[in-house]
Structure formats: structure tokens, C-alpha cells
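S.K.: generate coordinates for the sequence data below:
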Amino acid sequence: MKKNELCIDVLGTAVTIFTDEDPVYLRTLLEKYRNTIENVKRNSGLTDPLKLAVLTGFLLSHDLEKAGTPESTEGIEKNEDSGEAERLTLGMITRLDEVLDGQNWLQVAAPEPEYPETGPAVPASAGPADFIISERAIYKLKNQVKNYDWGSPEWIPALLGLENPGKSPWAELWMGINPGAPSRIVGESGEPGPLLSEITRLPFLYKLLAAAKPLSIQVHPNPDQAREGFERENQEDIPLDDPKRSYLDFNHKPEIISALSPFAALCGFRKVLDIHTLITKLYMSLGNDEILKNTFETLLFSLKGENENPYGEFLSALFGLETAAKNALSHFLKSHSVLLERKYPENRNEWKICAFFAGLYPGDPGVMAPLYLNIIELAPGQAIYFPPGILHTYIHGLGLELTADSSNVLRGGITSKYINPDELLKIAVLSEYKPEILENPEPDAPYFEYPSPEGEFSLSVMQNSGGENPGGTNVAPGAALPYPEKNGPSIIFISAGNALVKDPEDNSELHIKTGESFFVPPGKKLEISGTFTAYAAAAK
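M.R.: Predicted coordinates for the structure are as follows:
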């Protein structure tokens, strides 16, 4: 008999079930399950996917038990039965909180979706039954690649020492437990093990990012905005895979990125006067094009000082331009780039990037982004941090990005994807912001943590090259550097060289080379020797 297929995609996790049951009946079950999840969310106020899944299963089991034993429901009205289920559910919440809080970063693993990996696919059966794991051990990781069109076919494969015969764009290497591309732990002889999520919980997502072309201009929500948006879109029954879905989870998304190569980005609004000056220069370079003249006058008027918020007024005016005006603007920026460079050489970078954007995305409102966002150029080793609400995009370069574990993105241009101007204006911080460039004040120091106000995670860099540390102690190649004990778990990525990682607790060792990463449990002290540069993402 032919098996019917049911794909359950809820709470950010996808599971496919094959069964002989009728497809209509299967869809009815799925709808029942989703409705129960929504009821649990409304009654309990929970948003954590793990707790929601457990409580939903508990409530459905309660319903099944009541339906199967008529004598147990004698004399109980329907509303009383619902009240009993709610009381049981809320009681279960309290107990579940106690259990999870006592697990010291331990969590139940979500089923793994299928995504391309760096190297041979890991069998779905690989797991705890085939692999002895310990919560206190360090493990090498097997990570997955995300193929977005802005990625580079060469940069990540070269760093990892892997082939990419199909020349597909490798945009990001994800390190963490996000179900979109979860990491696996690897055994001593290289055998694939279970998901990293089976031994740890992480508040962050760590990425190796290769931007060969610009990413979309984007902004991420703060915690309150993420929770409200996620619940609202759930109530509106917008599927998680709908292109118009903005909130895929309830988490905020602060970010820090450290450059591994020269790195260019746009981040944060310029001063209103600077934006006005740059657009005025365009206006003064016009010919007799009436459409462009009206366009620039509209944008300049939006920046007038008497407006309640000139940044909001400006973005609203930009998004509201007619198609003909957007097309004319792109054509002007691309065709007049050389003229603008000659006339206003002090803004050469702005004109070049505008023309670059206009060539990639003609008619896109984001082609003017270099005129209203700060241009940031990072040298290798430098970093920037920015909180939720800050408009930004990465233009070009290879770097390591550390963010909260979230996929919430509101886009504002330089993209073929969905743009929701109204929602973006609600989320964006509509004020001047220029990120500080973070760098090690002593470039040869063995250990440096990038300063940031982020309270959930930290990014640090370690290097062992035989230089002299600030205390005057010589650190020769091959000598051990200590990795300081952290309150939460860490993932360490080797960006250059080779390292020998020793765990004094059990005398175990890991040999790690360029492009590899490993997991460190909370409270673990390590000794790392060799000649290397390493970047550590740690939960606080």
C-alpha cells in the first residue's frame, strides 16, 4: 500500500511522517495540533518552542484520555473539563520550568531538517545510541553551509580546505543549534555524532560569513517587538515559510561582526544635515529631468527640521516613490557616478557604492542607502557591534558574525525579497547612530574580548604567534595559552593555523586546524597550544 506523507512544520521545526492514513485525515490532525499549540500559547503565555511542544502533547493526551473513558467525564460540563485541562496545563508549566532550569544548559534535541553540509551527509540515525557523549567533554563540530546568492564560491571553501566543484555560492557556515542548519559533534576518529543541541542550549548563533555581493538592507527587532510580531503573525495564520512572514521566532537579534578580510558595511543613520547635504549635491547635478527634480525635492522636504522625526519622514518618502521615480533615480546614480566623483571627490565612496547598488538592483529604493547610512570599513581583526533596530547591510568581505539565535529580519532594500515598509518603520531606531570600531588596543595580546553591551554572549580572539603578551611573558609558538573559564558554553573557531586543545580535567586532546571549530561546555578551562588565531563565541 502506498504511504501518504505528512510534513509537520511548527515552532520552527519540520518533521515528515509516512503513514497509510487518509491524507484528509492527516491534514485534520495537523490542523488540530496547530490549533492546540495556539490555545496553549494564549492560555499560558509561553513562547519557548520546547515547552510549547511538551505541553501541547500533554494537553492532547488529556483530551484523548477524556474521550476514551466516558465514565471519567460523567457529571462534568464541557467548560469545567476545559478548566481542568487548563489547570493541569499550568501546573505542568511550573514543573517543566523546574526541570529545565535544573538541567544546566541541557535540552532535548529537535529533529534535524535536511540542509547541505560541508562534506558527506550525516546519517539520520547517527545519535546518542551510536555515540557516547558527555556534558563535560569538548567536541569538534561538523557544521553546515547556507547557499545564498550573495555568497562567494571561493572564500569559505578555501578557508575550510574543501572543494566546491559546482561553484555554488557559499554564504554562511552556521555553528550552533539553530534548526535551520544545526551543528553535529564529531568523534575522536571522525565519526559523526548527535546534534550539538542534544548536549547544550545556546543563546547565540555563530557564523562564518562571506559577502561577495551586498546583503539586503535590514533591521532586527528588540525582545518586545519580536514577541509581539511573532504572536501576531501566528494569530494571522501566516505560515513560517511564507515569503511575507517577518517574524520566525520570538527572539531579538543584536549582532557583532569581526572582519577576517577587509570588510565594508553600511550601519546606522547619518546626521540629518549630512543626508541633506549629500542629496543636495545630487540635486545640484541634475539636468532638466522633471521626475528626478521632483524626487529630490520630495526627499529634501522630508528632512526639514520641523518634521517630528525626519528619519521616519525620509524613509516613508523614499519607500513611497513612484516606480518611474525609482527607476530614474537608479539610472541617474549609475550613469552620473564618474561625473559626481569629479565634482564632489570627497564623497567618492558614496557615489561608487550607489552606482554599484543601482547596477545590481535597478529601481530599488535602497540604491540611495550610502547617502543616509554610515559607510563602515573594517580591517582584519576589527569589529562592530550594533543592537536591534539599527538599519544595516554588509557590502563585501569575509567575517565572523555572532548574533542572538534568531531569524527575524525586516528588509529595507537591495533585495528581491519582500519589503514591509510599515513594519520596518515600527522596528527601526529612527535616530542617528554610528557604531564604534572595536579593536584590540594591543594587537599582539594573546587574548582579547571585544567590548559590547550585549549581556547574552561575548566574542573574543586568541592568538599564539610567539609575540610578547602585555605582562611581558614570552609566548613561543607551541606554548599553551589558557582559555578562561566561562559561565556558559562556547564555540571556538580556528581562523588561521593549527592548535592542540588540551582538557586538564580529563587529559583529553583535540587537534584543530584552520576552518574547524569545537564546543566547550560551561565552566571548562582549557590549554591551547600551537600557532593559530582563534575566535571564541561564549554564552554569558
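S.K.: just the helices in the stretch 351-500 of the chain please.
M.R.: Taking DSSP state H, counting those that start in this stretch to define them, one finds helices in the stretch 351-500 of the chain at 369-372, 421-427.
S.K.: could you dump these to CSV with distance to Ile390, mean pLDDT and mean neighbour count?
M.R.: Bear in mind the C-beta positions are built from the backbone N, C-alpha and C, glycine included. Written out in CSV, the entries for the helices of the stretch 351-500 of the chain read as follows (distance: least, CB to CB, whole Å; pLDDT from 0 to 100; neighbours: other CB atoms under 10 Å):
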stretch, distance to Ile390, mean pLDDT, mean neighbour count
helix 369-372, 13, 98, 24
helix 421-427, 10, 96, 17
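S.K.: turn these into CSV, including distance to Pro451.
M.R.: Written out in CSV, the entries for these read as follows (distance: least, CB to CB, whole Å):
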stretch, distance to Pro451
helix 369-372, 27
helix 421-427, 26
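S.K.: Ser246 is nearest to which of the ones you listed?
M.R.: Put simply, out of the helices of the stretch 351-500 of the chain the one that sits nearest Ser246 is helix 421-427, at 5.8 Å, with distance taken as CB to CB.
S.K.: can you show me the CA trace of that closest one as CSV?
M.R.: Only the C-alpha atoms of helix 421-427 are listed here, as CSV (Å, rounded to 0.1, in the frame of the first residue of the first chain):
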residue,chain,number,x,y,z
PRO,A,421,7.9,49.5,4.9
ASP,A,422,5.3,50.0,7.6
GLU,A,423,6.7,47.2,9.8
LEU,A,424,10.2,48.3,9.2
LEU,A,425,9.4,51.8,10.4
LYS,A,426,7.9,50.4,13.6
ILE,A,427,11.1,48.4,14.3
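S.K.: contacting residues around that helix?
M.R.: Contacts with helix 421-427, where a contact means CB atoms under 8 Å, 6 or more residues apart in numbering, come from 219-221, 225, 229, 246, 312, 315-316, 319-320, 388-389, 410-412.
S.K.: just stretch 151-162 next, same as before
M.R.: Contacts to stretch 151-162, defined as CB under 8 Å, 6+ apart, come from residues 118-119, 145, 163-164, 167-173, 208, 210-212, 260-261, 398, 495, 513-516.
S.K.: tell me the helix or strand right after the helix or strand of the chain with the lowest mean pLDDT.
M.R.: For the chain, counting by mean pLDDT, DSSP states H and E, helix 78-101 ranks last in confidence among helices and strands (a mean of 42). Towards the C-terminus, the helix or strand next in line after helix 78-101, according to DSSP states H and E, is strand 139-142.
S.K.: circling back: of the contacts of stretch 151-162, keep whichever come out buried.
M.R.: If you count burial by 16 or more other CB atoms under 10 Å, the buried members of these come out as 118, 145, 164, 169-173, 208, 210-212, 260, 398, 495, 514-516.
S.K.: measure Gln463 to Gly320 for me?
M.R.: Here Gln463 is placed at a distance of 50 Å from Gly320 (CB to CB, to the nearest Å).
S.K.: give me the element Ala534 is part of.
M.R.: With elements delineated by DSSP H and E, Ala534 resides in strand 526-539, which encompasses its position.
S.K.: for that strand, buried residues please.
M.R.: Counting neighbours by 16+ other CB under 10 Å, strand 526-539 gives 526, 528-539 as buried.
S.K.: quick one: which two of the residues you listed are the most distant?
M.R.: Pairwise distances across those peak at 28.0 Å for Thr531 and Ala539 (criterion: CB to CB).
S.K.: show the pLDDT at Gly287.
M.R.: We note a pLDDT of 81 for Gly287 in this prediction.
S.K.: that's a strand at it, yeah?
M.R.: No. Assigned with DSSP: H, G, I helix; E, B strand; the rest coil, Gly287 falls outside any strand and is coil.
S.K.: count the neighbours of it for me.
M.R.: The number of residues packed near Gly287 is 8, by other CB atoms under 10 Å.
S.K.: how close does it get to Arg227?
M.R.: Distance of Gly287 to Arg227, computed by CB to CB: 50 Å.
S.K.: also Gly305?
M.R.: With distances taken as CB to CB, Gly305 is found 35 Å from Arg227.
S.K.: among the helices of the stretch 351-500 of the chain, which comes closest to Glu442?
M.R.: Distances from Glu442 to each of the helices of the stretch 351-500 of the chain were compared using CB to CB; the minimum, 33.3 Å, belongs to helix 369-372.
S.K.: what packs against the closest one?
M.R.: Using 3 or more CB pairs under 8 Å, 6 or more residues apart in numbering; DSSP states H and E as the contact test, the elements touching helix 369-372 are strand 263-269, helix 272-284, helix 348-360.
S.K.: if we use 10 Å, what do you get?
M.R.: strand 263-269, helix 272-284, helix 310-319, helix 348-360, strand 392-404 (3 or more CB pairs under 10 Å, 6 or more residues apart in numbering; DSSP states H and E).
S.K.: just the angle between the shortest one and strand 392-404, please?
M.R.: For strand 263-269 against strand 392-404, the angle between stretch directions is 90 degrees (axes from the mean of the first three to the mean of the last three CA atoms, to 10 degrees).
S.K.: export strand 263-269 as CSV, just CAs?
M.R.: Output of strand 263-269 as CSV, limited to C-alpha atoms (Å, rounded to 0.1, in the frame of the first residue of the first chain):
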residue,chain,number,x,y,z
PHE,A,263,35.2,44.4,5.2
ALA,A,264,32.7,47.0,4.1
ALA,A,265,29.3,47.6,5.6
LEU,A,266,26.6,50.2,6.0
CYS,A,267,25.3,50.7,9.5
GLY,A,268,23.2,53.3,11.3
PHE,A,269,21.7,56.6,10.2
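S.K.: next one: it to chain centre, how far?
M.R.: Strand 263-269 sits 17 Å away from the centroid of its parent chain (CA atoms, centre = their mean, to the nearest Å).
S.K.: ok, Gly305 and Arg227, which is more surrounded?
M.R.: The neighbour count for Gly305 versus Arg227, taken as other CB under 10 Å, is higher for Arg227 (17 against 8).
S.K.: contacting residues for the more buried one?
M.R.: Contact partners of Arg227, counting by CB atoms under 10 Å, 6 or more residues apart in numbering, are 47, 221, 247, 249-252.
S.K.: from Gln144, how far out is Ala158?
M.R.: When CB to CB is applied, the distance between Ala158 and Gln144 equals 18 Å.
S.K.: now swap in Pro310 and tell me
M.R.: As it turns out, when the distance is counted by CB to CB, Pro310 lies 43 Å from Gln144.
S.K.: cool, Val219 as well?
M.R.: Taking CB to CB, one finds Val219 at 26 Å from Gln144.
S.K.: try Phe519
M.R.: In this view, Phe519 and Gln144 are 15 Å apart by CB to CB.
S.K.: next: Tyr450.
M.R.: Computed as CB to CB, the Tyr450 to Gln144 distance reads 25 Å.
S.K.: ok, how many other residues are close to His511?
M.R.: Counted with other CB under 10 Å, His511 comes out at 11.
S.K.: for Leu371, which of the helices and strands packed on helix 369-372 is the nearest?
M.R.: Smallest distance to Leu371 across these (CB to CB): 4.4 Å, for helix 272-284.
S.K.: run the chain-centre distance for the helix or strand where Gly193 lies.
M.R.: Assessed by DSSP H and E, Gly193 sits inside strand 192-195. A distance of 23 Å separates the C-alpha centroid of strand 192-195 from that of its chain, computed with CA atoms, centre = their mean.
S.K.: do the same with stretch 300-317
M.R.: Using CA atoms, centre = their mean, the distance from the centre of stretch 300-317 to the centre of the chain it belongs to is 31 Å.
S.K.: with stretch 235-248 instead?
M.R.: 17 Å.
S.K.: and it, end to end?
M.R.: Looking at stretch 235-248, the gap from its leading to its trailing residue is 13 Å under the measure CA to CA, to the nearest Å.
S.K.: having no further points to raise, I will conclude here.
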